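Peer 1: A predicted structure for the sequence below; I have some questions about it.
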Amino acid sequence: MIAHLPHRTDRLLLRTLRVSDVDAFHGYRSREDVARLQGWSPMSREQALEFLRGEATDAPLLPGAWRQVGIAMHDDVLVGDIGIHLSADLHAAEFGLSIDPRRQARGLGTEAVQALVSLLLRHTPVATIIAATDARNLACRRMLDKAGLRKTGERTAMFKGEPCMEHVFAIERDGHR
Ligand SMILES: CC(C)(COP(=O)(O)OP(=O)(O)OC[C@H]1O[C@@H](n2cnc3c(N)ncnc32)[C@H](O)[C@@H]1OP(=O)(O)O)[C@@H](O)C(=O)NCCC(=O)NCCS
């Protein structure tokens, strides 16, 4: 799938991350409101640079490992990133994403998820694509629904040391048009 990047949509480019994205990346990855309902904590600039150094590669997705891909506007300015995980048996993919708060609520998250789903179905053998979100994350739940995923269940999870309820959304290759 990575070999098929950059991938252009109406407004976005899904592309590999670069060390030169650090200002934009750190801009939203340092924010408590972006990190609040996600598995990571706000990053310092040094942590952001270190992260980008590890992700700035054209190497293929490795089953069993998370990989982060950039979400940029057509002018190449980074506005978010999306993490992708392929299961070891290649049956399922999972993803999670962040959009810079200055660009949220304009449909960019939905556009990025739709593009990712289409790339994964076209260029990997996965049968199902899932995203799990904290039940409190109304924007994420709304975005996943708009992108065509359907809620398949709820589960309790430990999140940043506290119990929480997660909603699991999925889209199946068989049901995808
Ligand atoms: C979740 C996230 C990626 C969505 O990105 P986005 O570009 O704003 O998504 P979209 O604009 O496509 O859709 C968001 C929808 O949620 C709605 N929304 C935003 N905040 C909301 C809230 N507090 N309550 C209810 N709906 C809300 C928006 O209005 C929009 O719906 P609409 O088009 O019907 O008006 C973004 O909010 C984000 O980065 N959040 C912080 C990181 C995070 O929690 N990521 C989720 C991990 S999976």
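Peer 2: Structure's in. What do you need?

Peer 1: To what extent is residue 19 buried, counted in neighbours?
Peer 2: Look at residue 19: counted by other C-beta atoms under 10 Å, it has 14 neighbours. In this view, the C-beta of every residue, glycine as well, is placed from N, C-alpha and C.

Peer 1: in what helix or strand does residue 153 lie?
Peer 2: In this structure, residue 153 sits in strand 150-159 according to DSSP states H and E.

Peer 1: That strand: how far from the chain's middle?
Peer 2: A distance of 17 Å separates the centroid of the chain from that of strand 150-159, by C-alpha atoms, centre = their mean, to the nearest Å.

Peer 1: Any residue of it touching the ligand?
Peer 2: No: applying C-beta under 6 Å from any ligand atom, one finds strand 150-159 separated from the ligand by no less than 11.7 Å.

Peer 1: Pairing partners for the following helix or strand past that strand, with directions?
Peer 2: Scanning forward in sequence from strand 150-159 by DSSP H and E, the next helix or strand is strand 162-172. Take DSSP bridges as the rule and strand 162-172 pairs in its sheet with strand 128-134 (antiparallel), strand 150-159 (antiparallel).

Peer 1: can you list the residues that contact strand 162-172?
Peer 2: When contacts are taken as C-beta atoms under 8 Å, 6 or more residues apart in numbering, the neighbours of strand 162-172 outside the stretch itself are 117, 127-136, 141, 144-145, 148-159.

Peer 1: Please report phi then psi for residue 29.
Peer 2: When read as degrees, to the nearest 10, the backbone of residue 29 gives phi -70, psi -10.

Peer 1: residues near it, how many?
Peer 2: When neighbours are counted by other C-beta under 10 Å, residue 29 registers 25.

Peer 1: Which residues of the chain lie near the ligand?
Peer 2: By the criterion of C-beta under 6 Å from any ligand atom, the positions of the chain lying close to the ligand are 34, 37-38, 96-99, 104-110, 131, 133, 137-140, 142-143.

Peer 1: Run through the residues that contact residue 152.
Peer 2: 130, 168-170.

Peer 1: if we go to 7 Å?
Peer 2: By C-beta atoms under 7 Å, 6 or more residues apart in numbering, residue 152 lies in contact with 168-170.

Peer 1: Kindly report the same for residue 13.
Peer 2: Here residue 13 is in contact with 6, 72, 74, 76 (C-beta under 7 Å, 6+ apart).
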